[in-house]
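Trainee: with the sequence up front, the predicted model follows.
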Amino acid sequence: MGLGYIGLPTAALIASRKIKVHGVDVNQHVVDTINKGKIHIVEPDLDGLVHHGVQQGFLVAAPEPKKADVFLIAVPTPFKGDHEPDTTYVEKATSMVVPFLREGNLFILESTSPVGTTEKLAAIIFKERPTLKGKISIAYCPERVLPGSVIHELQQNDRVIGGIDTRSTEAAIAFYSRFVKGALHKTNARTAEMCKLTENAYRDVNIAFANELSIICDKAGIKHPRVKILKPGPGVGGHCIAVDPWFIVSDFKEDAKIIKQARLTNNYKRDWVIEKIKAAAAAFKKKNKRGAVIACMGLAYKPNIDDLRESPALEIVHELQRLKFKILPVEPNVSKHGKLTIADAESAVAEADIIVFLVAHRSFEKISIQKDKVVLDFCGVGK
Ligand SMILES: NC(=O)c1ccc[n+]([C@@H]2O[C@H](COP(=O)([O-])OP(=O)(O)OC[C@H]3O[C@@H](n4cnc5c(N)ncnc54)[C@H](O)[C@@H]3O)[C@@H](O)[C@H]2O)c1
């Protein structure tokens, strides 16, 4: 259920093991694209795997589920309102499969979810189908892949797998052992849910430290602190680290103090970057008696991918656009964008007065920049 960044590579990998996969997505465009053997996302090695799976008849996409042995949920879990987790997608996907469940089935949730979600989904299932109690297995197994090397990581990463009971854990371990080479760690559903949130909150807190220090060092006129920490950037983005820590904060408001502050600090870094760019543009205007053209290098949430979700770089560019700056947005991994005209990197750098590096894409390292240009590097390109 769900054929996006996680669901599609997972489906294609399972299909490559000659296991029949009926991939479901509510987006008809996604279904049609996959059934043509093509893909709708950028991910190395995925196109070949999907093409092969469809051609061999092991992977079929459809808008509706059908009877199966294993049901795997990989639909979005965004937040809503004041950073409250929105579990309506996983609930909807669960309701969609409930009529097709049979004795002996295995139901797995992979979507990043607040602690207790798997038990909630079990309650939804058993409310509709009370006779399935004790007769199906229900487990949580968070996905931890790195976009850009998903196919490799899906097979090699260790997985943490937790059922709502021991039988469920064992059934899920047996399933994943068919295509995962990494170690499979047994636990219960709540612990597995917390593992994923903990991993991302840990990283968020450490990036917040780097980002806070980068602001302090800028004020102190220090370029390079002599400690080994994570690299600062224009904030934190992506569908995981910018979102998941809120799932802890939302459920443990009194206790999750550092985790909440890390989120606020990382969001503040984006605003600080905007202020820096505005100051550089004002200085340019004062000196040259005209508004600066600003090249914005990178829109993705991290280097060498096309994923723009929760991207601080994109938010910065949108804010500069709203403030009516003359901007040239550059994103080598995206050819079209609904609200922005994407510029080519070389010509944007040649045309711009101020060059702002927002994402350390590898291809930016080689770009030569004329000496008279103002360069603001917020991500350490080439370092
Ligand atoms: N992208 C990542 O790198 C990553 C890494 C680890 C975990 N996750 C988690 O995995 C989950 C899925 O994320 P993603 O990046 O694959 O999302 P995505 O937006 O790329 O894909 C989700 C897909 O689910 C479909 N969908 C929505 N509701 C549906 C339903 N009821 N039935 C069938 N399909 C439905 C959507 O149309 C979409 O194609 C999220 O919980 C996310 O936090 C993502």
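Mentor: Looks like it came in fine. Numbers count the residues shown, from 1 in each chain.

Trainee: who's in contact with Thr77?
Mentor: Pro85, Asp86, Thr87, Tyr89, Val90, Ser111, Thr112, Ser113, Val243, Phe247 (Cβ atoms under 8 Å, 6 or more residues apart in numbering). C-beta coordinates here come from the backbone N, C-alpha and C atoms, glycine included.

Trainee: residue contacts, the fifth one?
Mentor: The reference is to Val90. Going by Cβ under 8 Å, 6+ apart, the list of residues near Val90 reads Ile73, Val75, Thr77, Leu109, Ser111, Ser113, Thr117, Leu121.

Trainee: where in the chain is pLDDT low?
Mentor: Along the chain, segments meeting pLDDT under 70 span 224-227, 382-383.

Trainee: can you select the buried ones from the contacts of Val90 in PyMOL?
Mentor: Of the contacts of Val90, the buried ones go into a single PyMOL selection, burial set by 16 or more other Cβ atoms under 10 Å:
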select buried, resi 73+75+77+109+111+113+117+121
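
Trainee: my guess is Val205 contacts Ala262, does it?
Mentor: Yes - if you go by Cβ atoms under 8 Å, Val205 and Ala262 touch, sitting 4.2 Å apart.

Trainee: compare the two (neighbour count), which wins?
Mentor: The neighbour count for Val205 versus Ala262, taken as other Cβ atoms under 10 Å, is higher for Ala262 (26 against 17).

Trainee: what is the burial count for the closest residue to that one other than its chain neighbours?
Mentor: Spatial nearest neighbour of Ala262, chain neighbours left out: Ala208 (3.7 Å); criterion: Cβ to Cβ, 6 or more residues apart in numbering. By other Cβ under 10 Å, the residues close to Ala208 number 26.

Trainee: what's the host helix or strand of Ala208 packed up against?
Mentor: Assessed by DSSP states H and E, Ala208 sits inside helix 189-220. Counting by 3 or more Cβ pairs under 8 Å, 6 or more residues apart in numbering; DSSP states H and E, the packing neighbours recorded for helix 189-220 are helix 117-128, strand 137-140, strand 159-163, helix 244-251, helix 257-288.

Trainee: where do the helices sit along the stretch 251-383 of the chain?
Mentor: With helices called from DSSP state H, counting those that start in this stretch, the stretch 251-383 of the chain shows them at 257-288, 312-322, 345-351.

Trainee: so who does Ile274 touch?
Mentor: With the criterion set at Cβ under 8 Å, 6+ apart, Ile274 makes contact with Ile316, Glu319, Leu320.

Trainee: ok, the last one - how many residues close by?
Mentor: For Leu320, the neighbour count with other Cβ under 10 Å is 20.

Trainee: residue contacts, the residue nearest to it when sequence neighbours are not counted?
Mentor: Spatially, and ignoring its direct neighbours in sequence, Leu320 is nearest to Ile327 (5.2 Å; Cβ to Cβ, 6+ apart). Ile327 makes contact with Val293, Ile294, Ala295, Cys296, Val317, Leu320, Gln321 under the criterion Cβ under 8 Å, 6+ apart.

Trainee: what does the stretch 1-150 of the chain put close to the ligand?
Mentor: Neighbours of the ligand within the stretch 1-150 of the chain, by Cβ under 6 Å from any ligand atom: 1-7, 24-27, 30, 74-77, 89, 92-93, 96, 111-112, 143-145, 147.

Trainee: oh, I was asking about the stretch 151-300 of the chain
Mentor: By the rule Cβ under 6 Å from any ligand atom, the part of the stretch 151-300 of the chain lying against the ligand is His239, Cys240.

Trainee: and with 8 Å instead?
Mentor: Contact residues, the stretch 151-300 of the chain versus the ligand (Cβ under 8 Å from any ligand atom): Lys196, Gly238, His239, Cys240, Val243, Asp244.

Trainee: and the two most separated of these?
Mentor: Taking Cβ to Cβ, the two most distant members of these are Lys196 and Gly238; they sit 13.8 Å apart.

Trainee: between the two, which one's more packed in?
Mentor: The neighbour comparison of Lys196 against Gly238 (other Cβ under 10 Å) goes to Lys196, with 23 against 20.

Trainee: in space, what's closest to that one - neighbours in sequence excluded?
Mentor: Leaving out its chain neighbours, the residue that sits closest to Lys196 by Cβ to Cβ, 6+ apart is Pro142, at 3.5 Å.

Trainee: and that neighbour, how far is that from Cys240?
Mentor: To Cys240, Pro142 is 10 Å away according to Cβ to Cβ, to the nearest Å.

Trainee: okay, and the common contacts of these two?
Mentor: With Cβ under 8 Å, 6+ apart as the test, Pro142 and Cys240 both reach Thr112.

Trainee: returning to what we had before: out of the helices and strands packed on helix 189-220, deepest packed?
Mentor: Neighbour counts (mean count of other Cβ atoms under 10 Å) averaged over each of the helices and strands packed on helix 189-220 peak at strand 137-140, with a mean of 28.

Trainee: and it, what does it pack against?
Mentor: Applying 3+ Cβ pairs under 8 Å, 6+ apart, we find strand 137-140 packed against strand 106-109, helix 117-128, strand 159-163, helix 166-176, helix 189-220.

Trainee: Pro232 is nearest to which of those?
Mentor: Checking the helices and strands packed on strand 137-140 against Pro232 by Cβ to Cβ gives helix 189-220 as the closest, at 3.6 Å.

Trainee: roughly how far is the closest one from the heart of the chain?
Mentor: Here the centre of helix 189-220 is set off from its chain's centre by 15 Å, with Cα atoms, centre = their mean, to the nearest Å.

Trainee: what residues of it count as buried?
Mentor: Going by 16+ other Cβ under 10 Å, helix 189-220 has these buried residues: 189-190, 192-197, 199-201, 203-205, 207-215.

Trainee: for Lys18, helix, strand, or coil?
Mentor: Following DSSP: H, G, I helix; E, B strand; the rest coil, the label given to Lys18 is coil.
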